[in-house]
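Student: Need coordinates for the following:
(chains A and B)
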Amino acid sequence: EAQVTQNPRYLITVTGKKLTVTCSQNMNHEYMSWYRQDPGLGLRQIYYSMNVEVTDKGDVPEGYKVSRKEKRNFPLILESPSPNQTSLYFCASSLRGDTHNQPQHFGDGTRLSIL
Amino acid sequence: SQQGEEDPQALSIQEGENATMNCSYKTSINNLQWYRQNSGRGLVHLILIRSNEREKHSGRLRVTLDTSKKSSSLLITASRAADTASYFCATVYQTGANNLFFGTGTRLTVIP
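Tutor: Take a look at the predicted model:
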């Protein structure tokens, strides 16, 4: 089954403790992206990747890192999490990043609470 | 960053009625997409309309796009309780990567 898989689905942690949210897709997609969703703000893009070893900032990249060493994986790293990063996070992918008119496939989300 | 504005923020209707949601955006687009989100779940792509298209249908969904007004609408006909969800419009710029810029969403409740 074609899917985007995120782990963990839920995480409660404390300020400053490094964490990684994994994202994996099995559709051989070139483009992957991370979003955060906050009440009243919709979804905002954090980082995106056009292909392996190619990443770029979205609208709200501060406090986050990403890497794209393999095509299928696009982990989101919070080196020193803070309470304002408490949010619902989504990973998404599409076949190409340089071609428009392609829908994105979303994971089920990761709910992070940082105390 | 560009984000769409959606109207209304919340909508409650009876099963069988039609639901209309509107989306406005700010700059020129390549396409506009509608996504659905069930509570606590990921977004599911519903329909994509290109900037040179004015109307598109998919099952009970009808999407219109007016680029002169920078607005779009999503019509769900003969609604069902299972249509209860949040609906988001998202735009893609004419140039650059296939990045989505989302509106704030409309929360639809269909009462059985």
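Student: excluding its backbone neighbours, what's nearest B:W34?
Tutor: Using Cβ to Cβ, 6 or more residues apart in numbering or on different chains and skipping residues adjacent in sequence, the residue nearest B:W34 is B:L46, 4.5 Å away. (Glycine included, C-beta is placed from N, CA and C.)
Student: Now for the one you found, how many residues are close by?
Tutor: 19 (other Cβ atoms under 10 Å in any protein chain shown).
Student: Test my guess that it contacts B:R36.
Tutor: Yes: using Cβ atoms under 8 Å, B:L46 is in contact with B:R36, at 5.5 Å.
Student: Report how many residues lie close to residue 8.
Tutor: As the question left the chain open, I've gone with chain A. 12.
Student: that's the wrong chain, I meant chain B
Tutor: Neighbours around B:P8, by other Cβ under 10 Å: 12.
Student: confidence score at it?
Tutor: pLDDT recorded at B:P8 is 93.
Student: Return the residues in contact with it.
Tutor: B:M21, B:T106 (Cβ atoms under 8 Å, 6 or more residues apart in numbering or on different chains).
Student: ditto for A:P103
Tutor: A:S94, B:Q33, B:H45, B:L48.
Student: name the element the third one belongs to?
Tutor: Right, B:H45. strand B:43-50 (DSSP states H and E).
Student: and that strand, which strands flank it?
Tutor: In the sheet, strand B:43-50 lines up against strand B:29-37 (antiparallel) (DSSP bridges).
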